[in-house]
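Undergrad: Below is the sequence, then the predicted model.
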Amino acid sequence: MAAPTNKQQLLDKTLTVLKKKFHPPAEPDKRPVLEEVVFAMCRESLPTATADAAFARLRRAFVDWNEIRVSSVPEVTEVLGDTPDAGDRAKRIVEFLQEHFERTYSFELDDLEKKGVKQAAKQLARYKDKGVTDFTVAWVTQRALGGHAVPLDGPSVRVLRRLHVIEGDIDDLESTRASLEHHVSKANGYDFTEVLIDHATTICVEVPLCRECPLNRDCPTGIEALARQGKKSITAVAEDKPKKK
């Protein structure tokens, strides 16, 4: 495992390089807490533009949150359209809205802002069996509750593994995230989240585009991959040379 100092330097450089590549947008106007929960369900594992489009379709197609709550999952899935994993996202959104309504008979969550950040996050985490993930809790903590959190979804974890920032099995994503938050300051949390997800969903995908990656000189996985590709290229050129008679 990399020493803490090396890990800090690597994360600092990752943020600097990816900000130049992806130019994170300015922080949007603050949303109501419940709205941010639903947006997080659209944003998880998706680049900004795709998530924004999916969320906008939801808001246009339905009168209010209650209409989404009483709609069937296939109906909400249809509205999400070609959004990746649209069915799963629709199911999570409907389940969350239904559970919250049954608990409070309302579509408000702004009371969480009056609680301490830790208590608010803990209360939101009670919905984890109803569509809310650790990513959702961390996203809302960062964007709506004014707390320090770095949301981690599957693609983000994949990037951090390839960088060797995260190593070994993750038994507890919350603890892994808390460790990362020691190296990413609250002031950098928004930009880090934005560029990491965009990088993970456009370049450092399942079959990574290492030659196009702006981190390929610092990423252990990328360095190894490009070295293997280079050896293959050298071998191919040698095999193509005409043999001397």
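TA: It's in.
Undergrad: and the gap between the residue positioned nearest the centre of the chain and Ala40?
TA: By C-alpha atoms, centre = their mean, the chain has its centre lying nearest to Asp153, at 4.2 Å. Going from Asp153 to Ala40 by C-beta to C-beta, to the nearest Å gives 10 Å. From N, CA and C alone the C-beta is placed, and that goes for glycine too.
Undergrad: Then Ala90?
TA: Where Ala40 is concerned, Ala90 sits at a distance of 15 Å (C-beta to C-beta).
Undergrad: check contacts around Gln229.
TA: Contacts for Gln229 (C-beta atoms under 8 Å, 6 or more residues apart in numbering) come out as Cys210, Arg211.
Undergrad: What helix or strand is it located in?
TA: Under the criterion of DSSP states H and E, Gln229 resides in helix 220-240.
Undergrad: Let me see the residues that make contact with the strand or helix carrying Arg92.
TA: Using DSSP H and E, Arg92 maps to helix 86-104. The contact list for helix 86-104 (C-beta under 8 Å, 6+ apart) reads 34, 37-38, 41-42, 54, 58, 65-66, 68-69, 71-74, 76-77, 79-80, 83, 106-107, 109, 127, 130-132.
Undergrad: same thing but 6 Å
TA: Val38, Met41, Trp65, Ile68, Arg69, Val73, Val76, Thr77, Leu80, Tyr127, Lys130, Gly131 (C-beta atoms under 6 Å, 6 or more residues apart in numbering).
Undergrad: Give me the buried positions along that helix.
TA: Buried residues in helix 86-104, counted by 16 or more other C-beta atoms under 10 Å: Ala86, Arg89, Ala90, Lys91, Arg92, Ile93, Val94, Glu95, Phe96, Leu97, Glu99, His100.
Undergrad: okay, these in CSV with pLDDT next?
TA: Formatted as CSV, the buried residues of helix 86-104 follow (pLDDT from 0 to 100):
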residue, pLDDT
Ala86, 98
Arg89, 98
Ala90, 98
Lys91, 98
Arg92, 98
Ile93, 98
Val94, 98
Glu95, 97
Phe96, 98
Leu97, 98
Glu99, 97
His100, 97
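Undergrad: Sweet, I'm off.
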